[in-house]
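Trainee: sharing a sequence plus its predicted fold:
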There are 2 protein chains.
Amino acid sequence: MDIRTGLPIVGMVGGGQLARMTHQAAVALGQSLRILATGPDDGAALVAADVHFGQPDDLEALRRFAKGCDVVTFDHEHVPEVHARALVADGVAVHPGPGALRHAQDKRVMRERLGALGIPVPRWRPAGTVADVVGFAEGTGWPVVVKSVRGGYDGRGVWPVDGPGAAAELLAANPGRALLVEERVPLRRELAVQVARSPFGQVAVYPVVETVQRDGICVEVLAPAPGLGAAAATRIQELAIRVATELDVVGLLAVELFQTGAPAGPDPGVVVNELAMRPHNSGHWTIEGARTSQFEQHLRAVLDYPLGETGMTAPAVALANVLGGPEGVAMPLDERLHHLFATEPGVKVHLYGKQVRPGRKIGHVTALGEDLARLRARTARAVRWLREGAAAEEPA
Amino acid sequence: MDIRTGLPIVGMVGGGQLARMTHQAAVALGQSLRILATGPDDGAALVAADVHFGQPDDLEALRRFAKGCDVVTFDHEHVPEVHARALVADGVAVHPGPGALRHAQDKRVMRERLGALGIPVPRWRPAGTVADVVGFAEGTGWPVVVKSVRGGYDGRGVWPVDGPGAAAELLAANPGRALLVEERVPLRRELAVQVARSPFGQVAVYPVVETVQRDGICVEVLAPAPGLGAAAATRIQELAIRVATELDVVGLLAVELFQTGAPAGPDPGVVVNELAMRPHNSGHWTIEGARTSQFEQHLRAVLDYPLGETGMTAPAVALANVLGGPEGVAMPLDERLHHLFATEPGVKVHLYGKQVRPGRKIGHVTALGEDLARLRARTARAVRWLREGAAAEEPA
């Protein structure tokens, strides 16, 4: 409790853009997010008042940080489960709790649990040896996908493998690393859905969105997912609520899905790809596009406040991520922003305070309106200005 | 320029809720607002990373603060004009500039200037002596309104005066204070409009709103102003643009107006009451209710970025200010917030990090939708929970 304001203190482990945007939401609720950053240049550390420093795997740093927090939550999955359990044993309110969080930290634990619940996931098995991979591929056919059980994101820790030779090479390059092998799903597209859950058990689910990936990195989010029937959308929302409830998630849960079936029928034809238990890139569109942003919702959930409305503020929302452009762009970022604003006065920009490096996610842009194709053209233009300091070609 | 991000640094003198909300907007633009606060418990100092301390009338503090800022702006009118001029002479970009800002600091200067431009203001004259007041009232009739030329806000520095005796008493109680006397306008209602202007000269104007006052304090803002005809609204917007342009305002200008005439015709029948050259309480509805918030717009304007769209995100917006409730409310603020969220999951809350004192503006709430009467009922309920820890009576 902050004695100056009479309002609770939420501590977030991790100082990246998720903490940065959660802080923005905390300010409206009368709070100031307490952040455990790894250094002063972390995106959230640049903008927040109450910043502590320490590594997420340092139990003593976590304990010092948790002192005086009403609740501790996370902007990533890097706090070891044993440390999270130690905090709970200290009496700290940790949300999501370690028993839930492990499903977002360990792809094997997650697949086993969802499988046991009858929730569809791609066929998979642990990949301790080349023989495991080859044996698995004999059932599913090549290519298969090998994944690191822990720590992958944005395409890292995920390898398509097209035969026994490639499998042998990959395993030799990753000695001692826990891996699993998964079928390559006949992918129509990728979807995602956010659901918040409070300790009281209240849930609030957002509209299902489509995520567009390039090189394993999400580059666009379209809300609501185009062409997804109402019945199919509801089934996906129910799936997300069930996962949040069965896994006892507190806070935001992002469920990333592969859609393989036809989108119009009542059966959405989806399998779960990943879970994240925090605000997630696939939910950034909610800042302007939903009545309650995922960041405010995460705070409300971990504080056991009643949850906010999740309805959309416009018929359609397009979001595009801004990845750092090629080296050698002469135009300064500030000037690129000028051009963007001149071209697109209604596009909303979110920059994360990061130094620009090629391929690094440095921000996102959002456009709201009626016609999704036009909104995507607008966000594409905006992104090209920010990436390259140049106008995008007009869409045909 | 922040060398870590390649983006400009905006310094804001004053650490109140306007700086607090401007900081939220700055974060999205990749920046972190630099704030000159008077103490660590200022609303903005509680939440921002880059906080300096000093008094707004201390030139050396202002000079230290301005060093390294790309532009200096204000969350209040308390920087003496001579200090603002000294900063300009030092080469600091000060927006709004001292030549504009004086019209928001000195009611007499403002009335003289607007009068010279042919922009309607209430009849007025300087009130150096009781005879000035009495002589003026002989022309307009009693009661009249005496105002402090400098420094009044939220009903402070404004006194209704009903006769020569009251005038004598008031002037005796304010020796040496510059005062003016003004006719009491036959008031239908109060209106306000925000306009942003950049150094380049671009302007962007928001819809005209109605402000509802109680005891001289704004308690509600209704956007757009109900029943105001399109032609009348356009005339008021044109008036605001003209004031911003003639006075060479850079940044946000809020024009507060008395409406005396019929609202439906093309002539709005308004006189200008006050000017503020910063984000203003009558524009807080833009955070959720307009495509670009007044806080982002102020930043864009003072940085000479192209301005953002000002269109509304919903047909109607109701905003209500939260004034500190009576002493002795047993329910903690945190618990009141729970009740509010349970009752009104779609109302947006903005708390300013202030200690609650009776009558003190500690936050505001906003509701968006179609039916203004219902939105007002919702914000009234929300405010009553925050003020008193009690449910409001249902509207009849």
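Mentor: Thanks, I have it.
Trainee: make it CA atoms for all contacts and neighbour counts henceforth
Mentor: Will do.
Trainee: how about the strands in the stretch 201-350 of chain A?
Mentor: A:203-205, A:209-214, A:217-223, A:251-259, A:270-276, A:316-323, A:348-351 (DSSP state E, counting those that start in this stretch).
Trainee: nearest to chain B among the ones you listed would be which one?
Mentor: strand A:348-351 (4.3 Å; Cα to the nearest Cα).
Trainee: which secondary structure elements does that closest one contact?
Mentor: Counting contacts by 3 or more Cα pairs under 8 Å, 6 or more residues apart in numbering or on different chains; DSSP states H and E, strand A:348-351 packs against strand A:361-369, helix B:17-28.
Trainee: any chance of the ones you listed in a markdown table, with mean neighbour count too?
Mentor: Formatted as a markdown table, the helices and strands packed on strand A:348-351 follow (neighbours: other Cα atoms under 10 Å in any protein chain shown):
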| stretch | mean neighbour count |
| --- | --- |
| strand A:361-369 | 24 |
| helix B:17-28 | 26 |
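Trainee: was I right about A:His23 contacting A:Leu33?
Mentor: Yes: the pair A:His23 / A:Leu33 is scored as a contact, 5.1 Å apart, by Cα atoms under 8 Å.
Trainee: any idea how far apart the tips of stretch A:33-49 sit?
Mentor: Stretch A:33-49 has its terminal residues 8 Å apart, counting by Cα to Cα, to the nearest Å.
Trainee: now the stretch 251-396 of chain A, which segments are flagged as low pLDDT?
Mentor: Residue ranges of the stretch 251-396 of chain A with pLDDT under 70: A:262-264, A:392-396.
Trainee: could you pull out the helices for it?
Mentor: Shown for the stretch 251-396 of chain A, the helices assigned by DSSP state H, counting those that start in this stretch span residues A:286-289, A:294-302, A:333-343, A:372-388.
Trainee: most packed of these?
Mentor: helix A:294-302 (a mean of 27; mean count of other Cα atoms under 10 Å in any protein chain shown).
Trainee: quick one: contacts of it?
Mentor: Contacts of helix A:294-302 with the rest of the structure, by Cα atoms under 8 Å, 6 or more residues apart in numbering or on different chains, involve A:10, A:18, A:21-22, A:25-26, A:71, A:73, A:95-96, A:194, A:196-199, A:250-252, A:278-279, A:283-284, A:286-287, A:306-308.
Trainee: now with 6 Å?
Mentor: The contact list for helix A:294-302, computed with Cα atoms under 6 Å, 6 or more residues apart in numbering or on different chains, reads A:Thr22, A:Ala25, A:His95, A:Arg197, A:Ser198, A:Gly251, A:Leu252, A:Leu307.
Trainee: can you give me how far that helix is from the chain middle?
Mentor: On the basis of Cα atoms, centre = their mean, to the nearest Å, helix A:294-302 sits 14 Å off its chain's mean C-alpha point.
Trainee: between helix B:333-343 and that helix, find me the angle.
Mentor: Angle, helix A:294-302 to helix B:333-343, by axes from the mean of the first three to the mean of the last three Cα atoms, to 10 degrees: 110 degrees.
Trainee: do you know how far the closest residue in space to A:Val250 that isn't next to it in sequence is from A:Val71?
Mentor: Closest residue to A:Val250 apart from its sequence neighbours, by Cα to Cα, 6 or more residues apart in numbering or on different chains: A:Pro96 at 4.6 Å. Look at A:Pro96 and A:Val71: by Cα to Cα, they are 10 Å apart.
Trainee: between those two, which is the more surrounded one?
Mentor: Neighbour totals were compared for A:Pro96 and A:Val71, and A:Pro96 leads with 28 against 21 (other Cα atoms under 10 Å in any protein chain shown).
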